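Enquirer: pasting the sequence and the predicted coordinates here, then a few questions.
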Amino acid sequence: LAIAYYLKEELRTFWGHTFRWPAQLFLRSWCKRAITTGLEPLKTMAKTLLRLEEGLLNYFEHRISSGPMEGTNNKIKTVQQQSYGIRDREYFELTLYSLHQTKYALVG
């Protein structure tokens, strides 16, 4: 289990790379070591990362994150839930257009 913790923590350094090729070398090396541990969760994760490798490595060329888009999608879902039962489509659309002005906070 110590090796699993070490590999998990080491994977965090992937995002610290500046260029694509060292990140690719690191990712492939990490996945190879994760698979050789024989631990099923690590093997599954490594295979998933290898399958998504191209998309992950594109970050190092474009430095674009999907975080803002996912945040906007979550806001849209929240508005949909809050407006359940409202049949005025124009009001719903206006509410969506004003999302950039709305701030949501976690409660609890």
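Expert: Perfect, thanks for sending it.

Enquirer: pLDDT score for V107?
Expert: According to the prediction, V107 has pLDDT 58.

Enquirer: next one: I3
Expert: In this prediction I3 is given a pLDDT of 85.

Enquirer: ditto for the one 10 residues further on
Expert: At T13 the predicted local distance difference test score is 93.

Enquirer: might one say that it is in contact with L27?
Expert: No. Checked against Cβ atoms under 8 Å, the pair T13 and L27 is beyond contact range at 10.6 Å. From N, CA and C alone the C-beta is placed, and that goes for glycine too.

Enquirer: tell me which of the two has more neighbours.
Expert: The residue with more neighbours, out of T13 and L27, is L27; 20 against 11, by other Cβ atoms under 10 Å.

Enquirer: wait, the more buried one touches L57, no?
Expert: Yes. Counting by Cβ under 8 Å, a contact exists between L27 and L57, whose distance comes to 7.5 Å.

Enquirer: and the gap between L39 and G71?
Expert: Separation of L39 from G71 (Cβ to Cβ, to the nearest Å) stands at 33 Å.

Enquirer: where does this protein have low pLDDT?
Expert: Counting by pLDDT under 70, the chain contains low-confidence residues at 102-108.
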